[in-house]
Structure formats: C-alpha cells, structure tokens
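Q: Have a look at this prediction, sequence included:
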Amino acid sequence: MANESAAIVQRLWNYCNVLRDDGVSYGDYVEQLTYLLFLKMSDEQTRPPFSKPSAVPEDYDWQKLLDLDGDALEIQYRHTLENLAKAGGMLGTIFRKSQNKIQDPAKLKRLIELINSETWVGLDMDVKGDIYEGLLQKNAEDVKGGAGQYFTPRALIQAMVRVMRPQPKQTICDPACGTGGFFLAAHDYISHEYKLDKDEKQFLRQNTFKGWEIVDGAARLCVMNLYLHGIGGEDSPVTVGDSLISDPGTRFDLVLTNPPFGKKSSVTIVNDEGKAEKESLTYERQDFWTTTSNKQLNFLQHVKTLLRINGRAAVVVPDNVLFEGGAGETVRKKLLAEFDVHTLLRLPTGIFYAQGVKANVLFFDKKPASEKPWTEKLWIYDLRTNQHFTLRTNPLTLTHLQDFIACFNPENRYDRTETEQFKAFTYDELIQRDKLSLDIFWLKDESLEDSDKLPAPNVLARDIVVSLEAALEQFASIAEDLGEEDEPETAVQAAV
C-alpha cells in the first residue's frame with residue numbers, strides 16, 4: 001500500500017515540475033489538484049457500486065472537462081471554478097475563490113488525463129489520504145514559498161493525540177487548523193483504538209470536528225483533506241475566517257492546535273497618501289483576561305474559552321509565551337489558577353519548516369470555579385537540551401517522542417515518576433519565579449563541557465542564527481511598543 005501511494009505521489013509531483021516552468025508554484029499546483037481530484041471522485045461516486053447523486057451540477061462535472069481540449073477546455077474549467085465557488089457546504093469551501101493557475105490548455109489536459117488514469121474511490125481510504133498528505137508535505141518543504149507555516153510535524157501531532165486519547169463522541173476543535181493534521185490524526189486514533197458502533201461512526205464523520213482557518217488556500221486544502229478521509233457531511237467542518245474575532249459560543253471536549261507563528265497580530269491599511277501600513281490588531285473580548293496584540297497570547301486565551309468544563313487542551317506555544325511580562329504574566333497567572341496546567345513539553349529546534357522557531361506544547365484542563373488554584377504541579381519534559389534535529393538529515397520521528405508519551409502516562413497522568421528529562425514543579429515554586437516564568441530548564445548542555453559533543457557546524461550555525469533572530473525580534477517588538485506609547489514629540493526628544 002505504501003509503495004502504491006508513494007508511486008502515485010511521485011507521478012503527480014513529477015508533473016508539478018513540468019508546470020513550474022510556467023510559473024505554477026507548489027501551492028498553486030496542489031490547489032489545482034484539489035479541484036480536479038474532487039471532480040474526479042464525485043464522478044466516480046455516481047457510478048456502480050456507489051450510484052450516489054452528484055453534488056456537482058452536470059454542466060460543471062468531470063465529464064465536461066474530459067470531452068474538451070484547447071481553449072474550450074480552459075474556458076470550461078474557468079467557468080467550472082467560478083460557479084462551484086458559489087455553492088454551499090464543503091463544495092463551496094473547496095472551490096472558494098478558486099482560479100485557474102494553469103494557463104496552458106495542453107498542460108491542463110495532461111493533468112486531467114493523469115488524474116483520470118487512476119480510480120480514486122477504489123483506492124483504500126488510507127492510501128488516498130497518504131497521497132494527499134504526501135503532496136502537502138512536499139508543498140510544506142517549499143520553504144521559500146512559506147507553505148510550511150501550515151504544516152505541523154506529523155510525529156508531533158501523533159504524539160499529542162496519543163497522550164490526549166480522544167474518545168468516541170467527543171468533540172474536537174482546532175481554531176487554527178491549517179491543512180487539518182490534528183483532525184486526521186485524531187480520526188485515525190479513534191477509528192483504530194475503539195470498536196465503533198454505527199452511531200459512533202456517524203458522529204465521528206459528521207459531528208466530531210470543528211475548525212477555523214483564516215487563509216483561504218489552507219482552508220481549501222484542509223476540507224479536501226478531510227473529504228479524502230471520509231470526514232464531513234453536507235456542511236463544512238471548517239469555517240474560513242479569523243477565529244479570534246469573537247467567542248463562537250460552542251464549547252468542545254478537546255482543543256488541539258498549533259496557532260500560526262508570529263508574535264504580533266496586525267492588519268494592513270492604506271493611509272491618506274496611498275501607502276500600505278501595518279497596524280497592530282487587538283481583540284476587545286470580555287472573555288479574555290487581558291487585551292494585547294500578541295497573537296500567541298490571544299490564541300491561548302481563545303483556547304481557554306473554547307473548552308467546556310473538564311475539557312482538555314494541547315497547544316503549541318513559542319517560548320515568549322512562557323516568560324514574557326505584562327500581558328504574558330497575566331495570562332500565565334490566570335491560567336495556572338483557573339485551569340489545571342499539568343504538562344509542558346519543551347520542543348527541540350529544527351523540526352518546523354518555519355526556521356528559527358523555539359516552541360513548546362502546553363497541556364491543560366478546564367475546571368469549575370474555585371477559590372483554590374487548580375494547578376498543583378507542572379511536569380516539564382525537556383526534549384530540547386542536547387537534541388539536534390533537521391528537516392532532512394535527522395527529522396523528528398514518533399520514536400523520538402516515545403519516552404515523553406511513556407512519562408506523560410496517558411492512562412493515568414496522576415501517577416508519574418520523575419526522570420532526568422521529566423521534572424515536576426509545584427504551584428508555590430512557580431508563582432515565586434520572576435514574572436511567573438515557565439521557561440524552566442535544568443539539564444546541562446553537554447556541548448559546553450565537551451567539544452567532542454558539539455553539534456555539526458551547520459547545526460551550530462543555524463542555532464546561532466535562531467538565537468540572534470529571536471533577540472532581534474524581541475528588540476523590534478520593544479521598539480514598536482515604545483513607538484506606539486510615545487507621542488511623536490516625546491519620541492524625538494528621547495532620540496535627542
């Protein structure tokens with residue numbers, strides 16, 4: 001099965017290299033595949049043994065594309081995209097704002113023939129999913145295109161899902177769902193770990209997942225990815241829009257998410273002189289503990305709102321969320337008091353497509369109102385010190401996370417044992433730390449004591465660059481905040 005999947009991915013990807021000569025990017029290519037694969041599979045489902053009615057109007061179905069070539073094909077394809085974008089449900093989300101990026105009709109015809117040569121509905125569901133996941137991963141590897149920001153390492157997602165142990169009929173939310181990695185891993189876990197009855201299967205398909213994604217392209221890829229895995233009903237489980245704008249009102253059993261990297265929330269505006277400027281964006285929400293333009297702190301506050309009582313969350317957060325003062329300190333203090341913040345996984349560098357990221361996974365449970373702080377102990381697992389990963393030569397795998405999973409003890413997380421990498425810190429110890437910083441480490445960096453254990457020069461150079469970029473980002477943020485607070489005259493006087 002794996003060989004079959006890999007072979008189809010390679011065939012489709014080889015053709016992408018042909019289209020790149022015409023200026024079609026990896027992301028554009030995967031989008032065009034999304035449209036065409038959907039039309040092909042919808043066509044297959046109208047035939048025996050399925051014989052289902054098509055969600056696609058006859059004037060814009062797969063057969064209409066097969067019968068044409070040249071300019072007539074390009075015109076039909078363009079009209080197909082324009083009209084399906086007006087549809088509702090998953091169909092409308094997949095084709096939302098769709099455009100034809102393959103301007104050469106001959107190459108469009110070749111891609112249609114390539115897709116038509118496979119019977120997609122006949123393939124095992126996992127194979128179809130693997131094919132699409134493979135294409136998304138190749139897309140994410142296009143670092144220059146920035147596609148990696150929507151792609152969380154699959155090994156990390158699998159580990160997070162395994163320790164969270166989602167159950168049948170639980171609802172799962174990702175307010176920044178990207179291409180849907182957490183949904184697919186949770187779907188796979190529930191499908192394989194439990195013997196589901198008919199009602200549970202139906203719930204898993206139609207009611208388990210709810211996501212938000214602000215970027216049209218990523219939302220489209222997510223919905224298609226879910227569709228390929230048999231997830232979703234008539235209504236799309238993914239809403240296209242900024243999830244931070246307001247409280248959706250719905251509460252969930254689990255929240256699994258990796259919010260987008262980047263510290264500041266901002267919007268681009270055009271001033272009176274016609275120049276584009278970025279303006280810091282703050283969210284005035286009564287359910288938030290504090291108002292800030294820090295995107296990561298806003299997502300953390302949003303996640304706490306999304307959880308129902310006894311709901312559980314696993315959130316990827318950058319280092320600054322652990323130690324930043326001001327709004328950061330306020331959020332940490334409230335989170336430790338009102339939630340059971342029980343586990344922190346310090347992630348190694350070199351595992352994300354976006355370079356220079358130092359991140360962690362924060363695990364916490366929502367509890368009823370109480371005068372006594374709910375957090376008793378925060379257990380920290382250090383997977384960063386003395387660990388060196390790269391995307392290609394030494395990628396993070398699930399094997400690297402097995403010890404964390406064992407230490408987490410998902411069967412009974414109240415029965416844990418300290419190890420060299422896994423330490424517990426009491427609530428009283430945490431609140432006595434400066435600014436209530438959770439940026440805690442205790443392992444010795446072996447490379448500082450033994451030059452033979454220094455990482456490879458390229459890894460060392462990258463770590464230096466990461467540290468410098470992080471420092472520059474902090475200085476830039478401070479300068480920006482000072483600029484916002486000072487009046488122009490004051491700023492000039494300070495400069496003098």
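A: Now that the structure is in, tell me what you want to look at. Numbering: from 1, shown residues only.
Q: pLDDT averaged over stretch 260-276, what's the number?
A: Looking at stretch 260-276 alone, the average pLDDT works out to 53.
Q: same thing with stretch 209-224?
A: On average, the pLDDT along stretch 209-224 is 89.
Q: Dump it to CSV, keeping only the CA atoms.
A: Listed in CSV are the C-alpha atoms of stretch 209-224, where the atom choice follows Å, rounded to 0.1, in the frame of the first residue of the first chain:
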residue,chain,number,x,y,z
PHE,A,209,-14.5,18.1,14.3
LYS,A,210,-14.8,21.8,14.1
GLY,A,211,-12.1,24.1,12.7
TRP,A,212,-11.3,27.7,11.7
GLU,A,213,-8.7,28.8,9.2
ILE,A,214,-8.1,32.4,8.2
VAL,A,215,-6.2,31.6,5.0
ASP,A,216,-8.4,30.6,2.0
GLY,A,217,-5.8,28.3,0.5
ALA,A,218,-5.1,26.4,3.7
ALA,A,219,-8.8,26.0,4.5
ARG,A,220,-9.4,24.6,1.0
LEU,A,221,-6.6,22.1,1.4
CYS,A,222,-8.0,21.1,4.8
VAL,A,223,-11.5,20.5,3.6
MET,A,224,-10.3,18.5,0.7
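Q: Which positions within that stretch qualify as buried?
A: Going by neighbour count (16 or more other C-beta atoms under 10 Å), the buried part of stretch 209-224 is 209-214, 217-224. The way it works is simple: take the backbone N, C-alpha and C, and place the C-beta from them, glycine included.
Q: ok, so what distance separates Glu338 from Leu256?
A: For Glu338, the distance to Leu256 under the criterion C-beta to C-beta, to the nearest Å works out to 20 Å.
Q: Need the per-residue pLDDT for Asp450.
A: Looking at Asp450, its pLDDT reads 54.
Q: Same question for Ala87.
A: The predicted local distance difference test score for Ala87 is 89.
Q: List the residues that contact it.
A: Under the criterion of C-beta atoms under 8 Å, 6 or more residues apart in numbering, the neighbours of Ala87 are 55, 95.
Q: distance of it from Thr397?
A: Applying C-beta to C-beta to Ala87 and Thr397 gives a distance of 40 Å.
Q: Below-threshold pLDDT in this protein: ranges please.
A: Within the chain, the segments meeting pLDDT under 70 span 1-5, 122-133, 135-136, 139-150, 262-280, 354-356, 446-496.
Q: hey, which strand is longest across it?
A: When every strand of the chain is counted residue by residue (DSSP state E), the longest turns out to be strand 307-318.
Q: Tell me the helix or strand right after it.
A: Counting by DSSP states H and E, the element after strand 307-318 in chain order, helix or strand, is helix 320-323.
Q: buried ones in the helix or strand following that next one?
A: Going down the chain from helix 320-323, the next helix or strand is helix 327-338, by DSSP H and E. For helix 327-338, the buried set under the neighbour-count rule, 16+ other C-beta under 10 Å, comprises 327-333, 335-338.
Q: same thing with stretch 175-190?
A: Of all the residues in stretch 175-190, those buried under the rule 16+ other C-beta under 10 Å are 175-187, 189-190.
Q: Where strands are concerned, which of these count?
A: Counting by DSSP E, the buried residues of stretch 175-190 contribute nothing to strands.
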